[in-house]
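Asker: what's the 3D shape of this:
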Amino acid sequence: MNVAVAADHAGLPLRATVAEAVEASGHTPVLMGPDSGEPVDYPDVAVIVAEAVTSGRTDRGVIVCGSGAGVTVAANKLHGIRAALAHDTYTAHQMVEHDDVNVLTLGARVIGPELAAEVVRAYCRAVFSGEERHARRLAKVKALDS
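Answerer: Now for the predicted structure:
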């Protein structure tokens, strides 16, 4: 699985940790977005990852900003994206297993690098369950995407 990994300026310090965790999970990180540390608007980073996911260039994405809130809001405005914020491993795997989330968001100013790596590994290893109740709910969520 290819996983887009991007960050705004506030999330950039955590991006390498995220990429390493993706790779440690047996997947391929695809680094995207700015590298300079110069200020960048988080919606622009969300668009970069969303386009990679929806075009099929990557299977999933991880976006990091300062709190994780901004990129979550921005990513969820984009067609075909189901983004969720996780700062714990249960949420990271459950959001894929139950909700087929395709973009994980993180807050670099909220979560430390070791926990962030655990969260990313849990997200990358998770698979949508396909259980009837989850598939039914996912169909309803997809119907909202207009």
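Asker: Contacts made by stretch 39-59 with the rest, please.
Answerer: 1-4, 6-9, 11, 30, 32-34, 60-63, 65, 70-71, 74-75, 77-81, 83, 102-103 (Cβ atoms under 8 Å, 6 or more residues apart in numbering). Placement of C-beta: from N, CA and C, glycine included.
Asker: OK, contacts around the residue nearest in space to the middle of the chain?
Answerer: Nearest to the mean C-alpha position of the chain, by Cα atoms, centre = their mean, lies L104 at 2.2 Å. Taking Cβ under 8 Å, 6+ apart, we find L104 in contact with R60, G61, V62, I63, A83, A84, A86, A92, M95, V119, V120, Y123.
Asker: Who wins on neighbours among those residues?
Answerer: Within the contacts of L104, neighbour counts (other Cβ atoms under 10 Å) peak at I63, which reaches 33 neighbours.
Asker: got the buried residues for the worst-scoring helix or strand of the chain on mean pLDDT?
Answerer: Sorting the helices and strands of the chain by mean pLDDT, DSSP states H and E puts helix 132-144 at the bottom, at a mean of 93. By 16 or more other Cβ atoms under 10 Å, the buried positions in helix 132-144 come out as L138.
Asker: quick revisit: put together a markdown table for the contacts of L104, with pLDDT and secondary structure on each row.
Answerer: Putting the contacts of L104 into a markdown table (pLDDT from 0 to 100; DSSP: H, G, I helix; E, B strand; the rest coil) gives the following:
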| residue | pLDDT | secondary structure |
| --- | --- | --- |
| R60 | 98 | strand |
| G61 | 98 | strand |
| V62 | 98 | strand |
| I63 | 98 | strand |
| A83 | 98 | strand |
| A84 | 98 | strand |
| A86 | 98 | coil |
| A92 | 98 | helix |
| M95 | 98 | helix |
| V119 | 98 | helix |
| V120 | 98 | helix |
| Y123 | 98 | helix |
